[in-house]
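Asker: Have a look at this fold, sequence not included:
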């Protein structure tokens, strides 16, 4: 049933309309506090993480921020990772179709709320009018769709792993909630890639529940898989499941020398201002340019399987590091105002050798400054590539 006629379709997890005008701050709670039962999927573990950083140029651009990253993000550390559990939520759990916010017996499920949203704790908002239809869902369903679902890094590194783990422990048991766009949008879009990734793990789309922005959904037996991330790292057993559980053949790509450059030319944000000169230098060093975001999912996996050295703009294009061999070389390129630990953590799992290259962000029209264009010094890039080569890449 399509419900877009009853309200605004929001398939990317937008905050509810009028949320900033609400009076009470939410008191979201973790799934295990709201659930009626929980089955352990992966145990809590203690893990020693090495530093994989072999170089950076922060002192040229933003030395204070660079010092923070070296000290608090990039250094060796010991982490205590939370267990991952499948939690059964009470009957009547309500999912709001536009934002994917979830209300459980009048309490918010924390994992479905973005930290910037201000919502009422009593569930009085409904994103478009109290007359919107409520769809009752009788099948056992794992809640997957939430804010950020339309960002590849969120999907591949956070949400798809929950489906993979649920299938590994309880094969063919569950339905999964997904945005309607996964069912309707063509290949060549992020929604097509999401659809392909689900199929690659042997999950039939007809088992999934399409969520429309103009409807709310009331579940008889909703389940939540708790986060696969804790203490800024993905549980290594979840990474292993992502690597081992693909059911379809992964193609062997043509990637001469195992070198790949991902320069974000397929997306308008965070562009490299001196792209032509940088791309020429990388080509001279044997790096094969790839528009990773335009490729089918299994081709992406195959390329990361084959890559021994990757130069990439920092962002979702690096999500495929999940599938990379251990010990690969990674040089990330980013503006000097962008802090991100997500992709470093993926590289850390693969025991990569990592060089963090920064350049000045240029003035642009993007409200979020790190999405504006930036430039990278060719001299500094050359030195970084020499360092990666010298350390085994």
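Answerer: In hand now; what should we look at? All figures in this text were calculated on a predicted structure; none of them were measured in a lab. Residues are numbered from 1 along each chain as shown.
Asker: from here on, contacts and neighbour counts on C-alpha atoms
Answerer: Will do.
Asker: Return the residues in contact with the residue lying closest to residue 193 once chain neighbours are set aside.
Answerer: Nearest residue to residue 193, sequence neighbours excluded (Cα to Cα, 6 or more residues apart in numbering): residue 297, at 5.5 Å. By Cα atoms under 8 Å, 6 or more residues apart in numbering, residue 297 lies in contact with 193-194, 196-197.
Asker: Weed out the non-buried ones from the residues you listed.
Answerer: 193-194, 196-197 (16 or more other Cα atoms under 10 Å).
Asker: Okay, and which of the residues you listed map to helices?
Answerer: Among those, the ones falling in helices (DSSP state H) are 193-194, 196-197.
Asker: Of the residues you listed, which is the nearest to residue 262?
Answerer: For these, the closest approach to residue 262 (Cα to Cα) belongs to residue 193, at 17.2 Å.
Asker: Next up, the contacts around that closest one.
Answerer: Per Cα under 8 Å, 6+ apart, neighbours of residue 193: 187, 296-297.
Asker: Distance of it relative to residue 200?
Answerer: Residue 193 is 10 Å from residue 200, where distance means Cα to Cα, to the nearest Å.
Asker: Can you check the pLDDT for the residue nearest to residue 204 when sequence neighbours are not counted?
Answerer: Nearest residue to residue 204 in three dimensions, chain neighbours excluded: residue 198, at 7.5 Å (Cα to Cα, 6+ apart). In this prediction, residue 198 carries a pLDDT score of 98.
Asker: do the same with the one 4 residues further on
Answerer: Among the per-residue scores, residue 202 shows a pLDDT of 98.
Asker: and what of the one 10 residues further on?
Answerer: Residue 212 is assigned a pLDDT of 93 by the prediction.
Asker: Residue 97 is in contact with that one, correct?
Answerer: Yes - counting by Cα atoms under 8 Å, residue 97 is a contact partner of residue 212 at 5.4 Å.
Asker: residue ranges for the strands of the stretch 251-393 of the chain, please.
Answerer: Secondary structure of the stretch 251-393 of the chain (DSSP state E, counting those that start in this stretch): strands at 259-262, 288-289, 309-313, 329-335, 353-359.
Asker: can you list those strands in CSV and add distance to residue 223 and mean neighbour count?
Answerer: Formatted as CSV, the strands of the stretch 251-393 of the chain follow (distance: least, Cα to Cα, whole Å; neighbours: other Cα atoms under 10 Å):
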stretch, distance to residue 223, mean neighbour count
strand 259-262, 37, 24
strand 288-289, 41, 19
strand 309-313, 36, 24
strand 329-335, 37, 26
strand 353-359, 38, 24
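Asker: So for residue 50, which of these sits nearest?
Answerer: That would be, of the strands of the stretch 251-393 of the chain and by Cα to Cα, strand 353-359, which comes in at 10.9 Å.
Asker: elements contacting that closest one?
Answerer: The contact analysis (3 or more Cα pairs under 8 Å, 6 or more residues apart in numbering; DSSP states H and E) places strand 353-359 against strand 53-56, strand 329-335, helix 342-349, helix 378-390.
Asker: just those: most buried one?
Answerer: Highest mean neighbour count of the helices and strands packed on strand 353-359: strand 329-335, a mean of 26 (counted as mean count of other Cα atoms under 10 Å).
Asker: May I see the helices and strands packed on strand 353-359 arranged in CSV, with mean pLDDT and distance to residue 275 as well?
Answerer: Listed next are the helices and strands packed on strand 353-359 as CSV, based on pLDDT from 0 to 100; distance: least, Cα to Cα, whole Å:
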stretch, mean pLDDT, distance to residue 275
strand 53-56, 97, 20
strand 329-335, 97, 12
helix 342-349, 97, 22
helix 378-390, 97, 10
